[in-house]
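A.B. asks: Quick one: sequence plus predicted model below, questions after.
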Amino acid sequence: MTESLPSTAPGTDPATDVSTVWRTVLDMVGGTTRPPSRISVQLGSASIEMEWAHLADAAAPGVAPSAPGVAPPALEEAGEPLWEPVRTPLVGTFYRAPEPGAKPYVDVGDIVEPGDQIGIVEAMKLMNPILADITGRVVEICVSDGQPVQYDQPLLLLEPWEGE
């Protein structure tokens, strides 16, 4: 996907306005559920290119693999996933466990309910609990332990669950 930046006042290059480039990148990423696998920005004459990995691609570095015996996320015929992301409400560092070496709050295959803690985001030296908002089975952990996260970034994916 390539995006052209909006024109500005005559005689100025929109690519030199860093805030314009940043807003354009955010607009392009805004409606997606997964971060792009590649971003290329060229400032002279303004060109922004982004690529997203396909679901069928191998897991990206830093992404926890599925547990043995756990089916991958189901897909509808239109190709849209049936799972819901648990997103971070703030920028910081994501931790899967309460302390180094401890058992993670959740693993792939676990069932969580609304209010269950799935991790922690450390922001400004404060540990902020991240809670599930639906009942679901964890199908993918999107962020490795100790990795930086951005606002609204998916941390894990839940397959909605009604129990058995």
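C.D. replies: That came through, no problem.

A.B. asks: Pretty sure residue 121 sits in a helix.
C.D. replies: No - counting by DSSP: H, G, I helix; E, B strand; the rest coil, residue 121 is not part of a helix but strand.

A.B. asks: Now do the contacts for it.
C.D. replies: Residues counted as contacts of residue 121 (Cβ atoms under 8 Å, 6 or more residues apart in numbering) are 88, 89, 90, 92, 93, 94, 95, 127, 128, 130, 149. Heads up, the C-betas are built off the backbone N, CA and C, glycines and all.

A.B. asks: Can you list the residue ranges for helices in the protein?
C.D. replies: Secondary structure of the chain (DSSP state H): helices at 18-30.

A.B. asks: Mark out where each domain of it begins and ends.
C.D. replies: What automatic domain parsing lists as the domains of the chain is 2-51, 84-160.

A.B. asks: Those: lowest mean pLDDT?
C.D. replies: Of all the domains of the chain, mean pLDDT reaches its minimum on domain 2-51 (a mean of 63).

A.B. asks: ranges for the strands of this structure?
C.D. replies: For the chain, strands defined by DSSP state E occupy the ranges 2-3, 38-42, 47-51, 84-87, 92-95, 111-112, 117-123, 126-131, 136-141, 147-149, 154-160.

A.B. asks: buried residues in the second one?
C.D. replies: Within strand 38-42, not a single residue qualifies as buried, counting by 16 or more other Cβ atoms under 10 Å.

A.B. asks: Please apply the same query to the fourth one.
C.D. replies: For strand 84-87, a neighbour-count test (16+ other Cβ under 10 Å) marks 84, 85, 86, 87 as buried.

A.B. asks: Reformat these as CSV; add distance to residue 155.
C.D. replies: Formatted as CSV, those follow (distance: Cβ to Cβ, whole Å):
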residue, distance to residue 155
84, 12
85, 7
86, 5
87, 7
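
A.B. asks: Now do residue 91 against residue 159, distance only.
C.D. replies: Between residue 91 and residue 159 the computed distance is 27 Å (Cβ to Cβ, to the nearest Å).

A.B. asks: between the two, which one's more packed in?
C.D. replies: Neighbours were counted for residue 91 and for residue 159 using other Cβ atoms under 10 Å; residue 159 has more, 18 against 14.

A.B. asks: Quick check: the more buried one vs residue 39, distance?
C.D. replies: Residue 159 is 29 Å from residue 39, by Cβ to Cβ.

A.B. asks: Isn't residue 132 up against residue 113?
C.D. replies: Yes - Residue 132 lies in contact with residue 113 (Cβ atoms under 8 Å); the separation is 6.7 Å.
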